[in-house]
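K.L.:
give me coordinates for this.
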Amino acid sequence: IFPDIFLDKSECVEEYEMAFVHRMDVRGKAYGILNWGDVPDMHYTKQGRGNGELVWVNNEYDFPHTAMLMYVRTGYRRMLDYMLVSARHWLDVDICRCSDDECRLFGQIEHSARHVSGKIEISHEWVDGLFDYYHVTGDKFAYASAIGIGNNIKRNLKQPRYNKEGEINARETGWALRALVTLYKETNDESWLEDADFIIGHFKSWKDRYGLWLAPYTDHVAIRVPFMISIAVVSLMRYYEIRPNIELKNMILEAVDDMIENCVLDCGLFYYKEMPSLKRNGNNTTVLEALTSAYRLTGRRKYLEAGI
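P.N.:
Numbering: from 1, shown residues only. Down below sits the predicted model:
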């Protein structure tokens, strides 16, 4: 059920453990029948994405799964509470249960005002936390909802935009790939991997055409976005763990090597986006996970050093 996240006490670094727990505890908490289990995001709100209203994150990026991993690692009861409350909100509020649009039906709504006004895109759909909730509670509604999100992803992948290299960012099909691999691991249904293979083929042709996974920004430029590339990397790593092959390994390593070479500020931190106005500190734990994936594949210390 869980990845290899368990360490002997002698292997733990106390400062890192404290940092993990702190990140969970400072996550915003909201009250009220509609908002309980979610958190508003002031950055999105100030950008005007809610047209003057608070923008809710809708559990971006799978906070319930993170809470579950922390619970099974630490035994801290409040981590379990975080998972249960946020997953219930997710099930009750953040999934579209009724729509004439098949690309919206049963999909997970992205960050938005009043939770439900946002779009549904495969860049903001995940299922791990719903399966965690199902494993703990036995609630079949959570299991069915995860399957519903998976089917929504399959329907959305048929859109023309997901068949063109360089017209989306790596996060979009990256998150979809992660969800599909999780669905396969949970159900043993090979049909989930058919769409996963489609995404991997798209990543290959995208890389062949541009040399790497550049994303379009404005009308005239395609740039590197490290945290989005990292989402693709860690999702490919999840696929690699069930279907290892050398081509996939090389894709992962080439993407991470390119990030280390081109996406680091003078201070040693990774930037947010490769544009003058956005080349600021973009530290993100997904970047760390991408670096550790490369280390696991090679044993080369340079990946850990970049992470440190």
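K.L.:
give me the element residue 4 is part of.
P.N.:
Following DSSP states H and E, there is no helix or strand that holds residue 4.
K.L.:
so how many other residues sit close to it?
P.N.:
By other Cβ atoms under 10 Å, 7 other residues sit near residue 4. Every residue, glycine included, has its C-beta placed from N, CA and C.
K.L.:
what helices or strands is the helix or strand residue 247 falls within leaning on?
P.N.:
Counting by DSSP H and E, the element that carries residue 247 is helix 246-262. When contacts are defined as 3 or more Cβ pairs under 8 Å, 6 or more residues apart in numbering; DSSP states H and E, helix 246-262 sits against helix 191-210, helix 226-242, helix 285-298, helix 301-307.
K.L.:
the chain: helices as residue ranges?
P.N.:
14-25, 42-46, 63-74, 77-93, 128-137, 140-156, 170-187, 191-210, 226-242, 246-262, 285-298, 301-307 (DSSP state H).
K.L.:
so which of those helices is nearest residue 101?
P.N.:
In terms of Cβ to Cβ, the element of the helices of the chain nearest to residue 101 is helix 140-156, at 9.9 Å.
K.L.:
which ones are touching the residue nearest to residue 121 when sequence neighbours are not counted?
P.N.:
Using Cβ to Cβ, 6 or more residues apart in numbering and skipping the chain neighbours, the partner closest in space to residue 121 is residue 110 (6.2 Å). Neighbouring residues of residue 110 by Cβ atoms under 8 Å, 6 or more residues apart in numbering: 58, 60, 118-121, 123-124.
K.L.:
cool, and residue 147?
P.N.:
183, 187.
K.L.:
need the per-residue pLDDT for the closest residue to residue 198 other than its chain neighbours.
P.N.:
Of all residues not flanking residue 198 in the chain, residue 157 sits nearest, at 6.6 Å (Cβ to Cβ, 6+ apart). Looking at residue 157, its pLDDT is 94.
K.L.:
can you pull the pLDDT of the closest residue to residue 263 other than its chain neighbours?
P.N.:
Leaving aside its chain neighbours, residue 263 sits nearest to residue 226 (4.5 Å; criterion: Cβ to Cβ, 6+ apart). Looking at residue 226, its pLDDT stands at 95.
K.L.:
residue 273: neighbour count?
P.N.:
So residue 273, with other Cβ under 10 Å, has 20 neighbours.
K.L.:
who touches it in this structure?
P.N.:
Residue 273 neighbours (Cβ under 8 Å, 6+ apart): 217, 223-225, 279, 282.
K.L.:
quick one: which of the residues you listed has the most company?
P.N.:
Result: residue 225 is most packed of these (other Cβ under 10 Å), 23 neighbours.
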